[in-house]
Each structure stands twice: as C-alpha cells, then as structure tokens.
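Asks: Turn this into a structure:
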Amino acid sequence: MDTQMYHYATATKALEELNEKGFTVDFNLLESRIINNPDEFEIVHVYRYEGDSDPGDEVTVFGIKSTTTGEKGVFVAGLSAFTDNSAAMALNELSIKGRAEKNIEPN
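Replies: Residues are numbered from 1 along each chain as shown. Got it, this is the predicted structure:
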C-alpha cells in the first residue's frame with residue numbers, strides 16, 4: 001500500500017488538516033503516556049517546519065495513533081523538546097524504528 005504524504009505551508013494548517021482526518025487528541029497534554037509507553041503508539045504522519053531565519057522556530061508535528069485504544073491525535077514539538085527523557089524524543093525514535101522496519105527485506 002502506498003502512503004501519500006502532504007506538506008502543508010504551516011504547522012497550523014497541518015494541525016487543521018490532521019484534525020479533519022480524525023486526529024483530535026492533544027497528546028501534548030498526555031505526554032507521560034508517550035514517555036512511559038512509547039511502544040503503544042505508532043506514527044502516522046510527521047511534518048517538520050523550520051523558521052525562516054531562526055533555528056529556534058523549528059517545530060515538528062506528529063500525527064500519532066495509540067495501538068491499544070485506537071485514539072488518534074497530534075503531538076507538537078519545538079526544537080527544545082528533543083531532550084533525552086521527552087515524548088518528542090520517544091516519538092522520534094519510533095519514527096526511526098518504523099523506517100528501519102520498512103527497509104527490512106522479507107526472507
């Protein structure tokens with residue numbers, strides 16, 4: 001199955017479109033769930049935005065789904081959110097893990 005990805009002009013537009021697609025839970029308010037149980041989530045969409053002149057304006061919008069409850073929502077992380085024990089770092093690691101698994105050749 002091919003996945004079609006879209007790039008939106010702004011993080012706000014990405015959040016609006018994800019909301020229309022049913023990603024309605026604000027996982028920023030439930031960050032501890034992601035930190036404590038990262039394997040219970042899968043990343044469906046990732047959008048990265050960089051500021052025009054200030055790298056501090058960088059933001060990543062994750063469209064994520066709980067594999068246990070089926071909840072779909074968003075997590076928005078600024079550049080400073082990527083610390084060792086953060087939900088943003090856990091999601092980033094899931095994203096990397098997901099890409100690696102897609103590249104594994106079947107036997």
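
Asks: Run through the residues that contact Asn19.
Replies: With contact taken as Cβ atoms under 8 Å, 6 or more residues apart in numbering, Asn19 is in contact with Val74. Where C-beta positions appear, they are placed from N, C-alpha and C, glycine not excepted.

Asks: Show me what secondary structure element comes after the helix or strand containing it.
Replies: Element membership for Asn19 (DSSP states H and E) is helix 11-20. Beyond helix 11-20 on the C-terminal side, the first helix or strand identified by DSSP H and E is strand 25-26.

Asks: Asn92: what secondary structure?
Replies: With DSSP: H, G, I helix; E, B strand; the rest coil as the basis, Asn92 sits in helix.

Asks: how near is it to Ser86?
Replies: Note on Asn92: its distance to Ser86, by Cβ to Cβ, to the nearest Å, is 9 Å.

Asks: I'd like the average pLDDT over stretch 90-107.
Replies: Mean per-residue pLDDT for stretch 90-107: 58.
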